[in-house]
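J.: this one's structure only:
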Ligand code: NAD
């Protein structure tokens, strides 16, 4: 047979099906365990946890059935620093959320509480109370538009804190933060339970957004510097509404070869200031940031618990009682957290004239929001 004919015949033969894979072998070895269920936060935090004094804390989330509250509670259920997690809300679903979370195989116990009659039980013995209760923004609303409803909610919940866990740290998320923090402080003063180290307005989301946007613009250089997005830091000071949100981009770390300037600096600053509205508009009437906010709040809570456990060098940005700006009793700054809460409010550091101007321009707005909160609390 010619070679060409032989090749032709070979090609006519249909390709043989590969044999099926053998069935998985069975073993009677009982000692092989299923991979343990794990949670991202538990794994990462456990690395630091080994160095801490192993103190565990009781934490309450007030407004736990909401968009922020549920996700935040899920994240906190994964914290090895928490032994008791209390979920409180006026929504009847809250005990169900607690039962749902209680099936997660982490150490902490979870309990749900509904309505003012159960607020006491939710709060007694708490080390940290986080308040995301209240209505969120809809398109076209400013954070100040939430004042009418959220001011009363924060006042009433803070009365509970003053009565039932006056030594707890307070993380206030409910907007307008620029006013709700002064409201909480006035309430605590009325009940003789005020300690300026214990009340923090949560502005961590502004920091997260600043880092994310900066990284997006300078990815290549940061990659060359071997910095991932989680290595970048940008302090954000002032307050938590529009132009009171002041990113100190000149202090970002790591240092860039070419700092932000001109229209790029202006556009980046404006984007950080309006990032909340970006989410509100994109959600088209269904609410504001919940998922990113929940993670920011969990980060803040974890830092507070690290401080309470005696870990050193825990630095966050938060809106706190301060004399950094002499005209303002509250200002968001870098703070050092410790066993009593805010151990130190850090100086603003060297700023560019652009940043100094932003602070100067924000003062009247901040002062008005603070005065509004104080007046509300004193008159009610
Ligand atoms: P949401 O409407 O989804 O949830 C709010 C929850 O609060 C609801 O479950 C509601 O039942 C509960 N609630 C209302 N009144 C209460 C009361 N008296 N006691 C206990 N619970 C009560 O809203 P959300 O999206 O979770 O937002 C909550 C708050 O967080 C809003 O004020 C929003 O503006 C604010 N927020 C702050 C930041 C920040 O950076 N600080 C970011 C995003 C949202």
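T.: Yes, it's here. Since this is a predicted model, take the numbers as computed values, not measurements.
J.: near the ligand, which residues of the protein show up?
T.: Counting by CB under 6 Å from any ligand atom, the chain comes close to the ligand at 62-63, 65-69, 89-91, 132-137, 146, 150, 153, 156-157, 173-175, 177, 202, 205, 240, 287-290, 293. In this view, the C-beta of every residue, glycine as well, is placed from N, C-alpha and C.
J.: so residue 91, which state does it fall into?
T.: With DSSP: H, G, I helix; E, B strand; the rest coil as the basis, the three-state label of residue 91 is coil.
J.: mean confidence (pLDDT) on stretch 139-152, please.
T.: Summarised as a single mean, pLDDT over stretch 139-152 is 90.
J.: what residues does it touch?
T.: Here stretch 139-152 makes contact (CB atoms under 8 Å, 6 or more residues apart in numbering) with 133-137, 174-180, 183, 240-242, 276, 280-281, 284-285, 369, 372-373, 376, 380.
J.: what's the pLDDT at the closest residue to the ligand within the chain?
T.: Using CB to the nearest ligand atom, the closest approach of the chain to the ligand is made by residue 66 at 1.9 Å. pLDDT, residue 66: 98.
J.: then the one 5 residues further on?
T.: Per-residue pLDDT puts residue 71 at 98.
J.: show me where the stretch 1-150 of the chain has helices.
T.: 3-12, 40-49, 67-76, 94-102, 119-123, 147-164 (DSSP state H, counting those that start in this stretch).
J.: for the stretch 151-300 of the chain, which segments count as strands?
T.: Secondary structure of the stretch 151-300 of the chain (DSSP state E, counting those that start in this stretch): strands at 169-172, 199-202, 236-238, 245-247.
J.: those strands into CSV, with extra columns for mean neighbour count?
T.: Output for the strands of the stretch 151-300 of the chain, formatted as CSV (neighbours: other CB atoms under 10 Å):
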stretch, mean neighbour count
strand 169-172, 26
strand 199-202, 28
strand 236-238, 29
strand 245-247, 27
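J.: output the ones you listed as CSV; include the columns distance to residue 361.
T.: Shown next, in CSV, are the strands of the stretch 151-300 of the chain (distance: least, CB to CB, whole Å):
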stretch, distance to residue 361
strand 169-172, 24
strand 199-202, 20
strand 236-238, 10
strand 245-247, 9
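J.: out of the residues of the chain next to the ligand, which are buried?
T.: 62-63, 65-69, 89, 91, 132-137, 146, 150, 153, 157, 173-175, 177, 202, 205, 240, 287-290, 293 (16 or more other CB atoms under 10 Å).
J.: what sits against the residue nearest to residue 321 when sequence neighbours are not counted?
T.: Counting by CB to CB, 6 or more residues apart in numbering, residue 321 lies nearest to residue 196, which is 3.8 Å off, once chain neighbours are set aside. Counting by CB under 8 Å, 6+ apart, residue 196 makes contact with 185, 320, 321, 342.
J.: quick one: the one residue sitting closest to the centre of the chain from residue 268, how far?
T.: With distances taken as CA atoms, centre = their mean, the residue of the chain nearest its centroid is residue 296 (1.7 Å). Using CB to CB, to the nearest Å, we find residue 296 at a distance of 19 Å from residue 268.
J.: sorry, back to before: against residue 376, how distant is the residue nearest to residue 321?
T.: Using CB to CB, one gets 20 Å for the distance from residue 196 to residue 376.
J.: any idea which of the strands of the stretch 151-300 of the chain gets closest to residue 225?
T.: strand 245-247 (19.6 Å; CB to CB).
J.: what about that closest one, average pLDDT?
T.: Mean predicted lDDT for strand 245-247 stands at 98.
J.: and that strand, what does it pack onto?
T.: Counting contacts by 3 or more CB pairs under 8 Å, 6 or more residues apart in numbering; DSSP states H and E, strand 245-247 packs against helix 204-217, strand 236-238, helix 262-273, helix 353-379.
J.: turn those into CSV, columns for mean pLDDT.
T.: As requested, these are exported to CSV (pLDDT from 0 to 100):
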stretch, mean pLDDT
helix 204-217, 96
strand 236-238, 98
helix 262-273, 98
helix 353-379, 98
